[in-house]
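1. no sequence on this one, just coordinates:
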């Protein structure tokens, strides 16, 4: 599988931080061995974060994020800095580029990254024009227990040290989770119920279905697929009930009513609630539904940005289900992509989609923000199962 075949959400996210014109773009070009980022002597060349995927031996697919300098100035500069701060939510490892004796801002950002418990690598760049290398190294080591790697974009040995350090600080257990977890085992027969509604790309499966199939094949499972209208025939074709049925959440109740007693049942969205986030937190969040009134306010967060459709699960189906239970005047707001409010306290419940387009780090940052502000949060599949009255009857792990 090439790097382009691996969804970005499944790649290790490495953010590169530093002042304007510190050599961040040159460094990312050297690490990826491509002219990814625009390099210029003019400070502020990088505006929005630049994403570039590559393969690192021993790790696999990674995406480097080249951020704007955090010493930018003016109103536009502040907007760039804000985008750099938002990039922190997505990164698994941070690289801080140092290249002058004034380290006040760098040390402030190192503190932010440390507080977020993000593994950090410091790089002393542009070593040919720095006179006090030893003093800078000592200051960083003394204050933050970091030993900067002395390297430059033209230093092959230094670049190899950076790659080795990335391997060393790799978060424990990174991407070792299975999508299906303990629900599927070697040799199991798994039936996938995959309705192809108008949101599914023509001629293709949606990403959660593809990734789940790959996970099951890696476990040497026997995978059978059907749509909901052919579910009865699919079950009749088997000599014994499937060990596990995985369905689209929108037909949870229909599939539950037809499934054999012996078969476990879950949905793609519930699987991704556990794979990308905190399933227990999402299940606990459904308790708040009983407290909702027509004066309550719910936030629905989509990972994808798309034009609303008549059958849209986040904009039509879930809101209709909630209003049927709570009342027509229930306030529901929808955000998509990376849009997510900093202040969540005006909401009584947050419902996150399956998040197949987000990496786990970013989903967990949203969960942590909601938890810190005391706002309950759940997930599409979990809330649909709850509203259908079968959350306590499906298999979560």
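-> Cool, got the structure. These numbers come from a predicted model, not from an experiment.

2. what's the closest non-adjacent residue to the most centrally placed residue in the chain?
-> Computing the C-alpha centroid of the chain and ranking residues by C-alpha atoms, centre = their mean puts residue 359 first, at 2.0 Å. Excluding the flanking residues, the one nearest residue 359 by C-beta to C-beta, 6 or more residues apart in numbering is residue 9, at 4.9 Å. All C-beta spots, glycine's among them, are computed from the backbone N, C-alpha and C.

3. quick one, what contacts that neighbour?
-> 276, 355, 356, 357, 358, 359 (C-beta atoms under 8 Å, 6 or more residues apart in numbering).

4. one more time with 10 Å
-> The contact partners of residue 9, by C-beta atoms under 10 Å, 6 or more residues apart in numbering, come to 63, 90, 207, 211, 276, 303, 355-363.

5. With residue 283 instead?
-> So residue 283 contacts 270, 273, 274, 378, 379, 382, 383, 385, 386, 391, 392, 396 (C-beta under 10 Å, 6+ apart).

6. and if you look at residue 11?
-> By C-beta under 10 Å, 6+ apart, the neighbours of residue 11 are 3, 51, 53-55, 59-64, 92, 175, 359.

7. returning to that earlier point: can you convert the contacts of residue 283 into a markdown table and add a column each for neighbour count and secondary structure?
-> Supplementary listing: these in a markdown table, determined by neighbours: other C-beta atoms under 10 Å; DSSP: H, G, I helix; E, B strand; the rest coil:
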| residue | neighbour count | secondary structure |
| --- | --- | --- |
| 270 | 30 | helix |
| 273 | 29 | helix |
| 274 | 24 | helix |
| 378 | 26 | strand |
| 379 | 32 | strand |
| 382 | 28 | helix |
| 383 | 27 | helix |
| 385 | 28 | helix |
| 386 | 22 | helix |
| 391 | 19 | coil |
| 392 | 9 | coil |
| 396 | 19 | coil |
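
8. picking that back up, of the contacts of residue 11 - the most surrounded one?
-> Neighbour tally across the contacts of residue 11 (other C-beta atoms under 10 Å): the maximum, 27 neighbours, falls on residue 64.

9. That one: what secondary structure?
-> strand (DSSP: H, G, I helix; E, B strand; the rest coil).

10. Residue 224 too?
-> Here residue 224 is strand, with the state taken from three-state DSSP.

11. burial count for it?
-> 16.

12. Now do the phi/psi pair for the closest residue to residue 119 other than its chain neighbours.
-> Counting by C-beta to C-beta, 6+ apart, residue 119 lies nearest to residue 169, which is 3.8 Å off, once chain neighbours are set aside. Note on residue 169: backbone dihedrals following degrees, to the nearest 10 are phi -100, psi 10.

13. pretty sure residue 169 contacts residue 94?
-> Yes: using C-beta atoms under 10 Å, residue 169 is in contact with residue 94, at 9.4 Å.

14. between those two, which one's more packed in?
-> residue 94 (26 against 13).

15. can you give me the helices for the protein?
-> 24-32, 74-87, 104-115, 133-144, 156-168, 207-218, 231-236, 252-258, 268-276, 279-285, 318-326, 360-372, 380-387 (DSSP state H).

16. Could I get the buried residue list for the shortest one?
-> When neighbours are counted by 16 or more other C-beta atoms under 10 Å, the buried residues of helix 231-236 are found to be 231, 234, 235.

17. Thought residue 256 was touching the first one, still the case?
-> Spelled out, that is residue 231. No: contact criterion C-beta under 10 Å: residue 231 and residue 256 do not qualify, at 11.2 Å.

18. shared neighbours of these two, anything?
-> Common contacts of residue 231 and residue 256, defined by C-beta under 10 Å, 6+ apart, comprise 245, 247.

19. With adjacent residues omitted, what lies nearest to residue 226?
-> Excluding the flanking residues, the one nearest residue 226 by C-beta to C-beta, 6+ apart is residue 234, at 3.8 Å.

20. my bad, residue 222
-> Per C-beta to C-beta, 6+ apart, closest to residue 222 is residue 189, 4.6 Å.

21. try residue 122
-> That would be residue 148: by C-beta to C-beta, 6+ apart, it lies 4.2 Å from residue 122.

22. what sits against that neighbour?
-> Contacts of residue 148 by C-beta under 10 Å, 6+ apart are 96-98, 121-125, 133, 136-141.

23. Nearest to residue 342 among those?
-> residue 96 (23.7 Å; C-beta to C-beta).

24. so who does the closest residue to that closest one other than its chain neighbours touch?
-> The shortest distance from residue 96 to any non-neighbouring residue, by C-beta to C-beta, 6+ apart, is to residue 122 (4.8 Å). When contacts are counted by C-beta under 10 Å, 6+ apart, residue 122 touches 17-18, 94-98, 106, 110, 136-137, 140-141, 144, 146-149, 165.
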